[in-house]
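Student: How does the following fold in three dimensions:
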Amino acid sequence: AARHAQRTKSLAVIFSSNNQPLLPPPGIKQLLSVITGPPANSSREAIIDNAVRISRINGSPGYPTPEDEIRAQAAELYDRAYYPAGIARHFDAILGSGSLRHHDKRISVPTVVIHGRSDRLMRPFGGRAVARAIAGA
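Tutor: Model prediction:
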C-alpha cells in the first residue's frame, strides 16, 4: 500500500506491528511457545499436539477454539505444507526489517487496523503504533 498506492483501494491491518523501536516485545511465554516446537523428526500427531499446545497459550482467552477444530486445522495445514524452517525465516524477516513506520506514513488509502486487546503474543501496542502512523486509520 505504501509503495503501490495506485494499486490499493483500501487496507486492513490485522494482528500486526510496525516494529518501532521501544515498543513492548511479544509476551515471552507466548513467543517461546511459537519458536520452541517438537524435534525435527516428530510425527504428524506430535506436530498436531504442539499446535493444540500453542493455541492454549496464544489463543483468545475470551473465545477459545474447541480442541477438535484446532486439531482439524493443524492436520490440514500439516498435510498441505509442513515446513518448520518457515517459522525461523519468518522471525528473521521481522527482526531484519527494522521499523516500518516510514512505510506506514506513506499509506494514503482508507485503512482499518484490527488488534485485540487480549492478544497475548503480539501485544496491542503494535496495532496502536500502526494506526497512529497511518493518517486517518
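Student: how about the strands in this structure?
Tutor: 11-14, 111-114 (DSSP state E).
Student: which one of those is the most hemmed in?
Tutor: Among the strands of the chain, the stretch with the highest mean neighbour count (mean count of other C-beta atoms under 10 Å) is strand 111-114, at a mean of 16. All C-beta atoms are positioned from the backbone trio N, CA, C, and that covers glycine.
Student: As a check, name the ranges of all helices in the protein.
Tutor: Assigned by DSSP state H, the helices in the chain fall at 28-35, 44-58, 67-81, 85-97, 101-104, 124-133.
Student: for those helices, which one sits closest to residue 4?
Tutor: In terms of C-beta to C-beta, the element of those nearest to residue 4 is helix 101-104, at 11.4 Å.
Student: Going by neighbour count, which residues of the closest one are buried?
Tutor: Across helix 101-104, burial judged by 16 or more other C-beta atoms under 10 Å covers 101, 104.
Student: number of nearby residues for the nearest residue to residue 57 once chain neighbours are set aside?
Tutor: Nearest non-adjacent residue to residue 57, counting by C-beta to C-beta, 6 or more residues apart in numbering: residue 33, 4.3 Å away. Other residues near residue 33 number 19, with proximity taken as other C-beta atoms under 10 Å.
Student: where does residue 31 land on pLDDT?
Tutor: Confidence at residue 31, expressed as pLDDT, is 89.
Student: That one: how many residues sit nearby?
Tutor: Burial of residue 31, expressed as a neighbour count using other C-beta under 10 Å, amounts to 17.
Student: so the lowest-mean-pLDDT helix or strand in the chain versus helix 28-35, what angle?
Tutor: Sorting the helices and strands of the chain by mean pLDDT, DSSP states H and E puts helix 85-97 at the bottom, at a mean of 86. Orientation check (axes from the mean of the first three to the mean of the last three C-alpha atoms, to 10 degrees): helix 85-97 against helix 28-35 gives 130 degrees.
Student: same for helix 85-97, what does it pack against?
Tutor: The contact analysis (3 or more C-beta pairs under 8 Å, 6 or more residues apart in numbering; DSSP states H and E) places helix 85-97 against helix 28-35.
Student: What are the buried residues along the helix it packs on?
Tutor: Result for helix 28-35 [16+ other C-beta under 10 Å]: buried residues 30, 31, 33.
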